[in-house]
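1. Sequence below, structure please.
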Amino acid sequence: MSPARPRVLLAAAAVALAACGDDGATPADAAIDGPTRPFVRPTPVAVPLSATGPDQLQAAVAGPAGSVYAAGFAAAGPAAPRFVVVVKLTAAGALDPTFGGGDGVATTTLDFRGDNGEVTLAVEPGGALVVAATVAHAGDPDDHDVAVARLTADGAVDRGFGDGGVRVLDLTTATDDNGVRAGPDAARGLAIDPTRGAIYVLALSRAAGTLAGEPRTDTDVTVVKLGRDGAIDAGFGGGDGRFTYDVQLVTESARGIAVRPDGSVLVSGYANTPALGSAQPLLLALDPTGALVPGFGTGGVVYQGVLARQAEVYNLARQGQTDQGVTCGYGRQAGDQNDWLSLRFDLTTGARDPSWGGQPHGAVLIDPTGAMIGDNCYGAFALPAGRTLLVGSAGPVNVPALQAGFAVLTPTGQLDPWFDPGVHVYDLAAGGLDQFWGAAVSGDHAIVVGYAAVGAVQTEAGNDDAYALVVPLP
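-> Below you'll find the predicted structure:
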């Protein structure tokens, strides 16, 4: 399908910004490399993980020789367990038979019980793969925990990690809230310190304590530090290996985590508090001991209003060797339809770049279809020469059909004209809930992963299917 031409919208400057994010100097951007070949719009490739059951890919990391590793889940049938899988894709987006069980797929023992964005993947400097996912609590299937597993570079379980290859993190116990289990743990991200080997797990966990005499049901940002053997690092955070952060007794959404060269850890997400009145960006900076970094934002925290109605931040991508981070997400200044949203922050100070994209206060809004139907951006990934790849979906989540999409921004935040017109959307399955979630750069291309979904009801005739898209780079 050829969509209407996308639009980049101006975000009106009618909202007061927190001082810590509005006065940072704009750093020089890297120059864009001249194109060495013409852009050819890529075609999505189905990744056959299950013939009759649902399967999805949600995360990706670079592999050798132009390949990528991707993680998601696959089920043998519509109602069968959804086991977490890690796959290896060739430079053409096909399953690599040298990985896993000879079909390119390594199936773990993790019975996935999460939702979108709750299977995450990271690669260690030596090539080992670490995957985290939301799983059922051993004694209560309605409660959830976070499980972390490590695989060798060829897809075998590393039984020297955790307990036989898996470390289960039972962070909190969900509680009943009007007959619904509220506040279960959820996996949201992974980051590995390439120098020190530490593994950082980003999660959500139910807030401690009570509110109005009842157990709290809201969730907090949680970071757990593991050693390379999967043991919890008790010296991190509050002495139990974890750091938690709560904003005004509301639910925070943790969405991205990264390790800077100095060993500090950045967390991105958003929160909706009475102070701001809508979902707005939340960034945290931690040192390797799990303490907030004083020089970042205000006491290690950036929480500020950007757009009056909504401004959600998912993950962020570090631009090349600079100390600038480009975020993805979605939001709006007015009305009831979200657009893709990108911001840029100084990763040392937390200051937001008001010149990003040449738009008011540096809020770059993209309407992928040009039809103002509401859109959601889920991932930002660094490309060579300072470019940034954004992935997500076009169309609000409550409609019967979504399109998967990607966009590329220049080093200064405009749609990159080489990828004419800079943003592309796809019908992976006619009338499906199509979404891209993960991506990785490998060689002269990036491979984007996602899925065509049919909604909550899965059948043999209609179920979720994994897809990959090989995007050429200049």
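2. Would you map the strands across the stretch 51-200 of the chain?
-> 55-62, 68-74, 83-89, 105-111, 119-123, 129-137, 140-151, 166-169, 175-177, 180-182, 186-192, 199-206 (DSSP state E, counting those that start in this stretch).
3. I'd like to know which of these is closest to A468.
-> Using CB to CB as the criterion, the shortest distance between A468 and the strands of the stretch 51-200 of the chain is 5.7 Å, found for strand 83-89. Bear in mind the C-beta positions are built from the backbone N, C-alpha and C, glycine included.
4. Looking at that closest one now, give me its mean pLDDT.
-> pLDDT averaged over strand 83-89 equals 98, rounded to a whole number.
5. Residues contacting it, please?
-> 47, 49, 55, 57, 63, 67-75, 95-96, 98-100, 104-112, 119, 121, 129, 131, 133, 149, 151, 155, 447, 449, 468 (CB atoms under 8 Å, 6 or more residues apart in numbering).
6. Wait, a strand at G350?
-> No. Checked against DSSP: H, G, I helix; E, B strand; the rest coil, G350 lies outside a strand; its state is coil.
7. That one and L283 touch, don't they?
-> Yes. Counting by CB atoms under 8 Å, G350 does reach L283; the two are 6.2 Å apart.
8. Give me the common contacts of those two.
-> Common neighbours of G350 and L283 (criterion: CB under 8 Å, 6+ apart): F296, G297, V302.
9. gap between the first one and H361?
-> For F296, the distance to H361 under the criterion CB to CB, to the nearest Å works out to 20 Å.
10. need the strands of the stretch 51-200 of the chain in a markdown table with distance to G392 and mean neighbour count, can you?
-> As requested, these are arranged in a markdown table below (distance: least, CB to CB, whole Å; neighbours: other CB atoms under 10 Å):
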| stretch | distance to G392 | mean neighbour count |
| --- | --- | --- |
| strand 55-62 | 13 | 25 |
| strand 68-74 | 16 | 30 |
| strand 83-89 | 20 | 25 |
| strand 105-111 | 25 | 20 |
| strand 119-123 | 17 | 25 |
| strand 129-137 | 21 | 25 |
| strand 140-151 | 24 | 22 |
| strand 166-169 | 28 | 20 |
| strand 175-177 | 30 | 14 |
| strand 180-182 | 27 | 14 |
| strand 186-192 | 16 | 24 |
| strand 199-206 | 19 | 27 |
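11. for those strands, which one sits closest to F381?
-> When the strands of the stretch 51-200 of the chain are compared for distance to F381 using CB to CB, the nearest one is strand 55-62, at 8.8 Å.
12. ok, G72 - contacts?
-> For G72, the contact set (CB under 8 Å, 6+ apart) comprises 49, 55-59, 84-85, 87, 119, 449, 451, 466.
13. for the residues you listed, which one is nearest N272?
-> Checking the contacts of G72 against N272 by CB to CB gives Q58 as the nearest, at 24.2 Å.
14. Can you give me the pLDDT of that closest one?
-> On pLDDT, Q58 comes in at 98.
15. any low-confidence regions in this structure?
-> Across the chain, the ranges flagged by pLDDT under 70 are 1-36, 397-398.
16. Hmm, G114 is touching T134, no?
-> Yes. The pair G114 / T134 is scored as a contact, 3.0 Å apart, by CB under 8 Å.
17. Right, I'll call it a day here.
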